[in-house]
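> how would this look folded up:
(4 chains)
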Protein chains: 2
Amino acid sequence: MKNLNSVHLNGLRAVEAVGRLGSLQAAADELGVTIGAVSQQVIKSEAQLGRPLFERTPKGMTVTETGASILARLREGFQALSAAVALAQHRDDNILTISVAPVFAARWLVYRLDRFAGRHPDIRLRIDATTQLVNPATSDVDIGIRVGSGHWSGVKSELLLAQEIFPVVTPQIAATLREPADLLKVPAVVDGHAMFKWDVWLREAGLSGRCMEERHIFNDASLCLDAAMAGQGTMLAWQTLAAYALEQKCLVDPFGIRARTGFGHYFITAEGVREAQKVTAFKAWIREEMEESMRLFQ
Amino acid sequence: MKNLNSVHLNGLRAVEAVGRLGSLQAAADELGVTIGAVSQQVIKSEAQLGRPLFERTPKGMTVTETGASILARLREGFQALSAAVALAQHRDDNILTISVAPVFAARWLVYRLDRFAGRHPDIRLRIDATTQLVNPATSDVDIGIRVGSGHWSGVKSELLLAQEIFPVVTPQIAATLREPADLLKVPAVVDGHAMFKWDVWLREAGLSGRCMEERHIFNDASLCLDAAMAGQGTMLAWQTLAAYALEQKCLVDPFGIRARTGFGHYFITAEGVREAQKVTAFKAWIREEMEESMRLFQ
DNA sequence: ATTCTTCATATAGATTATCTATATCAGCAT
DNA sequence: ATGCTGATATAGATAATCTATATGAAGAAT
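As a prediction, this is how the structure comes out:
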């Protein structure tokens, strides 16, 4: 599209408007400039293109034949540009764009969306599932939820839930366990991206210095949980990851021993910006759902 | 498309280029400006649209989700504008655009076009049939042929053929005529737009002061000739109008008396411009065809 | 820990594009 | 002859766009 370097886009727009509207006056009205400006731009554009596009008659300007086919394409072009601008400037205040980790979406949020729709029928969610940290001030996201230290620069973070870890196994495996030390002999499936290690829980369970039989490593926590649900061993899970599987009794926490990792679930919003009502409503709803979800851990 | 008034088209182009090429540097190369210029334009366009279109990462700029759909439309738009510019700047030197009166095209030129194609296989004609006088300097026409005085301002005119008029009738009507005065009793069909009257011919035929029985008036010379060919009377025709009908013996010139109108067929070209070779070739061909066509009047 | 590289942004001021205001021209209608 | 309509030309003001340069952030290499 380097050929556009040899012409002025404003001039092409003037040409298109005159061609479509039939006179300099009508084009000037639409473009918000004077007749003289449009006349100059049309004349200059014809020179840049090396071809007359209009014939001047006492009754006004008529399009030449080749001008007609050129104008048809100009019109397509400016109509597409206009549609782009309309799309950009359109504000649908009833869409809330949230950014969450895929695993959070898949293992906790997706099961609750109907309840959000029931509570807030006027708000539609747009879920951007990504592991990358997002800054709502410089992206088109309204709010994010992430697990981490909470110390991220450039954003406002608000603790939602302190992260606790605990082993999960299938009920069949759980039936073979009598005390926490029995767990040392169960193969462990490992989430390679996890920000914590087994020793954090082992310490909490009074088994400092001991080691798990770590086996398969997964690059996705969801896959890792699937492996545990398939009976391939135990996984060191956290609340939101395991909540639904626990609730459905596909997995159990055999001893109820939980260790804090020092990390947490945080809301992420733009710093120094007054919070939109839909964002406030969403946070309140998430807090209620989280509170209800955590009851099954007591 | 008034919404385009609130944005800068050059800025939208910078946005599109960055979105398509992935970096400020690549976009700057295509647009022929510096990185700083592109950066400023993108930032200003995001402000004008009221929405971020890119997320800035250490590896470069990535498109936001809504940015992607906006950029898709911008791309369509600039591709169409680029196609328009390419179309305008394209020079097909093998197309010759001529402007002739519709009646000249229909009654004389169209029957000879195969011979032009045979003689000049590399030149394609684009025939703009219109009664309006054309100025090749200010339109996209290369050459015109018109009947008139030849005194038109702003153009160069070159006599091709002096206009002569003569009555034409069907062979059946001709068989009933013995001398020119017999024609006075034949109904005359009249071309309302003709620049001459019957008295010009009557004077030449030695019938000054006499009158034809003028009947139906037509606003199109071709229709008028059709009426004559349908046996509805005599028409005062001129050479190029009647040539083909005479050649096919659908009509005859009963007495061979022709009067000069003072008008002529003229080539019309742009003043003070060196003639393109294809224009010269076309004129030479027309002169040969005209010469051959006029032989049947001798 | 330090240095280098890559990519984007900010700023000041120069250059170019675009605009307004006004005068003028051509053709048509009265 | 006059008035109206529509386009064009011109001078100069205003805004858009650009270059040159400095700066900042993040990641890679040492």
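
> so what's the residue most central in space within chain A up against?
By Cα atoms, centre = their mean, chain A has its centre lying nearest to residue A:128, at 2.0 Å. By Cβ atoms under 8 Å, 6 or more residues apart in numbering or on different chains, the contact set of residue A:128 is A:97-100, A:134, A:141, B:65. Yep, even glycine has a C-beta here, placed from its N, CA and C like the rest.

> can you give me phi and psi for it?
Backbone geometry at residue A:128, expressed as degrees, to the nearest 10, gives phi -100, psi 100.

> how close does it get to DNA strand D?
According to Cβ to the nearest atom of the strand, to the nearest Å, residue A:128 stands 20 Å off from DNA strand D.

> what's the pLDDT at that residue?
With respect to pLDDT, residue A:128 scores 82.

> count of residues packed around the residue of the stretch 101-250 of chain A found nearest DNA strand D?
When scored by Cβ to the nearest atom of the strand, the stretch 101-250 of chain A has residue A:153 as its residue closest to DNA strand D, at 6.8 Å. For residue A:153, the count of nearby residues is 6 (other Cβ atoms under 10 Å in any protein chain shown).

> isn't there a strand covering it?
No. Read with DSSP: H, G, I helix; E, B strand; the rest coil, residue A:153 is coil and lies in no strand.

> residues contacting it?
With Cβ under 8 Å, 6+ apart, residue A:153 has no contacts at all.

> and the gap between it and residue A:269?
Distance of residue A:153 to residue A:269, computed by Cβ to Cβ, to the nearest Å: 14 Å.

> likewise for residue A:185?
46 Å.

> between those two, which is the more surrounded one?
Between residue A:185 and residue A:269, counted using other Cβ under 10 Å, residue A:269 has the larger neighbour count: 23 against 10.

> which stretches in the stretch 51-200 of chain A count as helices?
Assigned helices in the stretch 51-200 of chain A, in chain order: A:65-89, A:102-104, A:113-119, A:171-174, A:198-204 (criterion: DSSP state H, counting those that start in this stretch).

> would TSV of those with mean pLDDT and mean neighbour count be doable?
Below are the helices of the stretch 51-200 of chain A laid out as TSV (pLDDT from 0 to 100; neighbours: other Cβ atoms under 10 Å in any protein chain shown):
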stretch	mean pLDDT	mean neighbour count
helix A:65-89	94	20
helix A:102-104	87	19
helix A:113-119	89	13
helix A:171-174	95	15
helix A:198-204	94	18
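
> next SSE after the worst-scoring helix or strand of chain A on mean pLDDT?
Ranking every helix and strand in chain A by mean pLDDT, DSSP states H and E puts strand A:213-218 at the bottom, with a mean of 80. The helix or strand immediately downstream of strand A:213-218 is helix A:221-229, counting by DSSP states H and E.

> list the helices and strands the next helix or strand after that following helix packs on?
Next along the chain after helix A:221-229, taking DSSP H and E as the criterion, comes strand A:235-238. On a contact count with 3 or more Cβ pairs under 8 Å, 6 or more residues apart in numbering or on different chains; DSSP states H and E, strand A:235-238 meets strand A:155-168, strand A:187-191, helix A:221-229.

> apply 10 Å and report the result again.
Packing partners of strand A:235-238 (3 or more Cβ pairs under 10 Å, 6 or more residues apart in numbering or on different chains; DSSP states H and E): strand A:155-168, strand A:187-191, helix A:198-204, helix A:221-229, helix A:239-247, strand A:259-270.

> report the beta-bridge partners for the residue nearest to the centre of chain A.
residue A:99 (DSSP bridges).

> mind checking the end-to-end distance for stretch A:158-176?
Start-to-end span of stretch A:158-176 (Cα to Cα, to the nearest Å) is 41 Å.

> ok so, going back, chain center to the least confident helix or strand of chain A: distance?
30 Å (Cα atoms, centre = their mean, to the nearest Å).

> stretch A:16-23 too?
Stretch A:16-23 sits 42 Å away from the centroid of its parent chain (Cα atoms, centre = their mean).

> could you list the domains of chain A?
A:2-89, A:93-298 (automatic domain parsing).

> is DNA strand D contacted by the first one?
Yes. Residues of domain A:2-89 are located near DNA strand D by Cβ under 7 Å from any atom of the strand, namely A:23-25, A:35-36, A:39-40, A:42-43, A:56, A:58-61.

> can you name the residues of the stretch 151-298 of chain A that neighbour DNA strand D?
residue A:153.

> give me the residue from the stretch 151-298 of chain A nearest DNA strand C.
For the stretch 151-298 of chain A, Cβ to the nearest atom of the strand, closest residue to DNA strand C: residue A:154, 13.3 Å.
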